[in-house]
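Novice: 3D model of this:
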Amino acid sequence: MNKIYTEISKLSDKFKTMAYGLTYNETDINEAVQELMLYFLSMNPDSLRSIWEKDGKDGIIRYGAVVLRRSLTSPRSPFYYKYKKYYTHIDSFSSNITYETDYTMSEKNLYNLPEEKLDSSQWIKLEQIDKVLDGLDSWYDRELFKLYYYEGNTLDSLAEKTRISRNSLFTTIDKVRTILKKELNEDV
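Specialist: Numbering: from 1, shown residues only. Just a heads-up that it's a prediction; the model follows:
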């Protein structure tokens, strides 16, 4: 298996090149390729071995291309829940960022990169949320809230992973949400 993992790691530049067909945002590309590598590592070793034995490097590339495309285009992908959902729903400044998509790779230089408008108040709000979470008495409440919101799990998937009942998870997450509203004096 180590040989297969080593060969897969050598394909990261190939996957980055493939991702440029879906987006020009280098941060998204790097994060999506990193998620792809984690996907391969967490994949069932027998399935990965059978792909390798059947088609070799080409099979891995084709399989990775499908996973990469889903990561960058599907709102149900783990990539979306880890990166996009967090920044677009909790942190609204990312919706103010505009990206130019009409340039080609040969024209990409320092002068036509998109201008990012950073709103420091959003970063401050995120830091306040983190401080309130760190100040919670129960590590259990804090970690469940982070698993639910920061990692983008649904109640059902979180219940399946943790083997905690869905109702108990809902109660805990709702309790933390109420604490955040109270501490931040806002409707979160």
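Novice: Geometric centre of the protein: which residue is closest?
Specialist: Nearest residue to the geometric centre of the chain (Cα atoms, centre = their mean): K82, 2.4 Å.
Novice: check contacts around that one.
Specialist: With contact set as Cβ atoms under 8 Å, 6 or more residues apart in numbering, K82 has these partners: 31, 35, 151-152. Backbone N, C-alpha and C define where each C-beta goes, glycine included.
Novice: Need those residues in a markdown table (columns: secondary structure).
Specialist: Converted to a markdown table, the contacts of K82 look like this (DSSP: H, G, I helix; E, B strand; the rest coil):
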| residue | secondary structure |
| --- | --- |
| E31 | helix |
| E35 | helix |
| E151 | coil |
| G152 | coil |
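Novice: which among the residues you listed end up buried?
Specialist: 31, 35, 152 (16 or more other Cβ atoms under 10 Å).
Novice: what's the closest of the residues you listed to S42?
Specialist: Distance to S42, by Cβ to Cβ, is smallest for E35 among the buried ones among the contacts of K82, at 10.3 Å.
Novice: was I right about that closest one contacting S71?
Specialist: Yes - E35 is in contact with S71 according to Cβ atoms under 8 Å; the separation is 5.8 Å.
Novice: Identify the contacts common to those two.
Specialist: 78-79.
Novice: shaky segments in the chain?
Specialist: The model of the chain has pLDDT under 70 over residues 80-81, 83-123, 186-188.
Novice: Now with 80, please.
Specialist: 1, 21-22, 72-127, 149-152, 186-188 (pLDDT under 80).
Novice: just the helices in it please.
Specialist: Assigned by DSSP state H, the helices in the chain fall at 2-9, 12-19, 26-42, 45-73, 78-79, 85, 120-134, 139-149, 155-162, 166-184.
Novice: Most tightly packed of the ones you listed?
Specialist: When the helices of the chain are scored by mean count of other Cβ atoms under 10 Å, the highest mean neighbour count falls to helix 78-79 (a mean of 22).
Novice: No further queries at this time; thank you.
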